[in-house]
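**Student:** take a look and give me a structure for this.
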Amino acid sequence: MSSENPTNSSTITKRPRRLRRTETLRRMVRETHLTVDDLIYPMFVMSGENQKIEIASMPGCYRFTLDLLLKEIAEVYSLGIGAIALFPVIPESKKDETGSESYNPDGLVQQTVKAIKQALPDIVVITDVALDPFTTHGHDGIVGENGVILNDPTVEVLVKMALSQAEAGSDMVAPSDMMDGRVGAIRKALDEAGYIDTRILAYSAKYASAYYGPFRDALDSAPKFGDKKTYQMDAANSFEAIKEVELDIAEGADIVMVKPALAYLDIIRQVKDYTNVPVAAYNVSGEYAMIKAAAQNGWIDEKKVILETLLSIKRAGADLILTYFAKEVALMLHK
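**Tutor:** Sure thing, here's the model as predicted:
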């Protein structure tokens, strides 16, 4: 029997708190669940051997040489994380104006994919399709006169890049460049080359965001001039996101993505309501860094904030979440 005196509240019949009274009840009626199956772990690979370098602006995240990367992947796979997203740190000596190293069959990405699939064939390897890590200027496309990013010549290089990744064994290519028509061109080329089962995760609604700074530090890929607002989306727009998603699905995308996540939860929900393909969201480097910085200053309970943050992304409609917290969350969920 409740200890409260019902005299002044006998007319209240709707009491939602009844289902919040115990942890068991709360679990029984919980609407959203976060599991390791929801997580994709972004990882950074660099040339060399036996090196693991922490990224200053992303505490707890590292650049790995391939030998140590394989050990790290084996560990995260043992925790139940079934997919990684691979990002390369390319030496300046291998960069050029057109990103030609991106489709080198013996390049860092291609060698890494082959090694991962040989060591752990069941883990899903997602490879980034964009030129910024490979170009001297740091843009996602080929630069023309007056600094204009050229769409169609860029798409031609992206197709070569995606084909080389598929040939190396990538399970899923992820065009993150935001060039028009690149999903259709990549799908056509993959199919014609016999890679009909290589999936496309399209960065469909990728915004020109200030939250990407630490990631660009990690890859040393910040643009050397201007910004990316002529190809990445305007932060003020939402209907445009649906248009981009619609186009990518029509062109053959298997999964669509919203990036960043936290400042764009409304976009995730709109995309989820619009489409019937899986929706991914990228909990990006700036979002990660803010939580880490606040936790290091003792301002928040880090573990609780991490879980609440990822749960909010899942609740907004994301089926999959790319997050640098993946390993930490997997360890939490296993306890």
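**Student:** what comes up buried for the one helix or strand L163 maps to?
**Tutor:** Assigning secondary structure by DSSP states H and E places L163 in helix 151-168. Neighbour-count burial for helix 151-168, counted by 16 or more other C-beta atoms under 10 Å, picks out 151, 154-155, 157-168. No exception for glycine: its C-beta is placed from N, CA and C like everyone else's.
**Student:** next one: stretch 126-138
**Tutor:** Applying 16+ other C-beta under 10 Å to stretch 126-138 flags I126, T127, D128, V129, A130, L131, D132, P133, F134, T135, H137, G138 as buried.
**Student:** let me know the closest of those residues to V89.
**Tutor:** P133 (7.3 Å; C-beta to C-beta).
**Student:** pull the number of nearby residues for G213.
**Tutor:** Neighbourhood size, G213 [other C-beta atoms under 10 Å]: 15.
**Student:** D301 too?
**Tutor:** 12.
**Student:** picking up where we left off before, so which of the buried residues of stretch 126-138 are in strands?
**Tutor:** Secondary structure defined by DSSP state E assigns I126, T127, D128, V129 of the buried residues of stretch 126-138 to strands.
**Student:** please enumerate the strands of the stretch 1-150 of the chain.
**Tutor:** Using DSSP state E, counting those that start in this stretch, the strands of the stretch 1-150 of the chain run over residues 39-46, 52-55, 58-65, 83-89, 124-129, 142-143, 149-150.
**Student:** return the item of the buried residues of stretch 126-138 having minimum pLDDT.
**Tutor:** Ranked by pLDDT, those bottom out at G138 (83).
**Student:** next, the residue nearest to that residue when sequence neighbours are not counted: secondary structure please.
**Tutor:** Excluding the flanking residues, the one nearest G138 by C-beta to C-beta, 6 or more residues apart in numbering is P223, at 4.1 Å. Of the three states, P223 takes coil under DSSP: H, G, I helix; E, B strand; the rest coil.
**Student:** of the buried residues of helix 151-168, closest to G48?
**Tutor:** A168 (19.5 Å).
**Student:** that closest one: what's it in contact with?
**Tutor:** When contacts are counted by C-beta atoms under 8 Å, 6 or more residues apart in numbering, A168 touches P105, V109, Q110, Q111, V113, K114, K117.
**Student:** point out where this protein drops to low pLDDT.
**Tutor:** 1-10, 335 (pLDDT under 70).
**Student:** which SSE is A174 in?
**Tutor:** strand 172-175.
**Student:** thinking again about what came up before, among the strands of the stretch 1-150 of the chain, which is nearest L25?
**Tutor:** Here strand 39-46 is closest among the strands of the stretch 1-150 of the chain (C-beta to C-beta), at 27.2 Å.
**Student:** quick one: the closest one to chain centroid distance?
**Tutor:** 9 Å (C-alpha atoms, centre = their mean, to the nearest Å).
**Student:** going forward can the numbers begin at 224, since that is how I track them
**Tutor:** Fine by me, first position is 224 from now on; the one you just mentioned is strand 262-269.
**Student:** how about residues contacting it?
**Tutor:** Contacts for strand 262-269 (C-beta under 8 Å, 6+ apart): 276, 278, 284-289, 292, 295-296, 299, 304, 306-312, 331-332, 335, 349, 441-442, 503, 543-547, 549-550, 552-553.
**Student:** same thing but at 6 Å, please
**Tutor:** Defining contact as C-beta atoms under 6 Å, 6 or more residues apart in numbering, one finds that strand 262-269 is touched by 286-288, 292, 299, 304, 306-308, 310-312, 335, 441, 543-545, 549.
**Student:** pull out the buried members of those residues.
**Tutor:** 286-288, 292, 299, 304, 306-308, 310-312, 335, 441, 543-545, 549.
**Student:** count the residues that sit near V507.
**Tutor:** Counted by other C-beta under 10 Å, the residues lying close to V507 total 24.
**Student:** for P483, list the residues it contacts.
**Tutor:** By C-beta under 6 Å, 6+ apart, the neighbours of P483 are S432, Y434, V507.
**Student:** apply 8 Å and report the result again.
**Tutor:** Y430, S432, Y434, Y435, Y505, N506, V507, G509, E510.
**Student:** am I right that the third one sits in a strand?
**Tutor:** What that stands for is Y434. No - assignment of Y434 by three-state DSSP gives helix, placing it outside any strand.
**Student:** measure it to Y511 for me?
**Tutor:** To Y511, Y434 is 9 Å away according to C-beta to C-beta, to the nearest Å.
**Student:** what's the answer for the fourth one, then?
**Tutor:** Y435 sits 11 Å away from Y511 when distances are taken as C-beta to C-beta.
**Student:** who has more neighbours out of those two?
**Tutor:** Y511 (24 against 21).
**Student:** in three-state terms, how would that one be classified?
**Tutor:** The three-state assignment at Y511 reads helix, by three-state DSSP.
**Student:** is it true that it touches Y547?
**Tutor:** Yes - between Y511 and Y547 there is a contact under C-beta atoms under 8 Å: 4.5 Å.
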